[in-house]
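>>> build the 3D model from these lines:
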Amino acid sequence: MWETDHLQAPVLVNVDGKARRPWIMWFTDCAMSATTGVAVAPGDPSRESVLAALRSVDLHEET
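Prediction:
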């Protein structure tokens, strides 16, 4: 089972000349208590940013 969550970072970044607080999204594998994917979005969470975090789970490479 996976769990997903997101939070707004307590920092300001310059996005197209405007100060914005980015959002961080992550997926956690509940059985292993491990973060399996993460994405940072410069604006409000959207379908695209959530799918980017989910895609990072699929692109995990063994080291």
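>>> in stretch 22-35, which residues are buried?
Applying a neighbour-count criterion of 16 or more other Cβ atoms under 10 Å, one finds 22-28 buried in stretch 22-35. No exception for glycine: its C-beta is placed from N, CA and C like everyone else's.
>>> before we move on, what about stretch 38-45?
Within stretch 38-45, the residues that count as buried by 16+ other Cβ under 10 Å are 39, 41, 45.
>>> next, format these as a markdown table and append secondary structure, pLDDT and distance to Gly17.
A markdown table is the format used below for the buried residues of stretch 38-45 (DSSP: H, G, I helix; E, B strand; the rest coil; pLDDT from 0 to 100; distance: Cβ to Cβ, whole Å):
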| residue | secondary structure | pLDDT | distance to Gly17 |
| --- | --- | --- | --- |
| Ala39 | strand | 82 | 23 |
| Ala41 | strand | 85 | 18 |
| Pro45 | coil | 78 | 22 |
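>>> in CSV: those residues, plus distance to Pro10.
Shown next, in CSV, are these (distance: Cβ to Cβ, whole Å):
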residue, distance to Pro10
Ala39, 18
Ala41, 15
Pro45, 16
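>>> can you pull out the low-pLDDT segments for the chain?
The model of the chain has pLDDT under 70 over residues 58-63.
>>> residues contacting Tyr31?
Just so we're on the same page, residue 31 is Ala rather than Tyr. Ala31 sits next to Met1 when contact means Cβ atoms under 8 Å, 6 or more residues apart in numbering.
>>> returning to what we had before: which one among the buried residues of stretch 38-45 gets closest to Leu51?
Distance ranking of the buried residues of stretch 38-45 against Leu51, using Cβ to Cβ, places Ala39 first at 8.6 Å.
>>> excluding its backbone neighbours, what's nearest the closest one?
Excluding the flanking residues, the one nearest Ala39 by Cβ to Cβ, 6 or more residues apart in numbering is Ala53, at 3.7 Å.
>>> in what helix or strand does that neighbour lie?
Assigned by DSSP states H and E, Ala53 belongs to helix 47-58.
>>> ok, and for that helix, which residues are buried?
49-50, 52-54, 56-57.
>>> using PDB, write out every CA atom in it.
Extracted in PDB, the C-alpha atoms of helix 47-58 (Å, rounded to 0.1, in the frame of the first residue of the first chain):
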ATOM      1  CA  ARG A  47      -2.700  16.800 -11.600                       C
ATOM      2  CA  GLU A  48       0.600  17.200 -13.500                       C
ATOM      3  CA  SER A  49       2.700  17.700 -10.300                       C
ATOM      4  CA  VAL A  50       1.100  14.700  -8.600                       C
ATOM      5  CA  LEU A  51       1.700  12.600 -11.700                       C
ATOM      6  CA  ALA A  52       5.300  13.800 -11.800                       C
ATOM      7  CA  ALA A  53       5.800  12.500  -8.200                       C
ATOM      8  CA  LEU A  54       4.200   9.200  -9.200                       C
ATOM      9  CA  ARG A  55       6.400   8.900 -12.300                       C
ATOM     10  CA  SER A  56       9.500   9.300 -10.100                       C
ATOM     11  CA  VAL A  57       8.400   6.200  -8.300                       C
ATOM     12  CA  ASP A  58       8.500   4.200 -11.600                       C
END
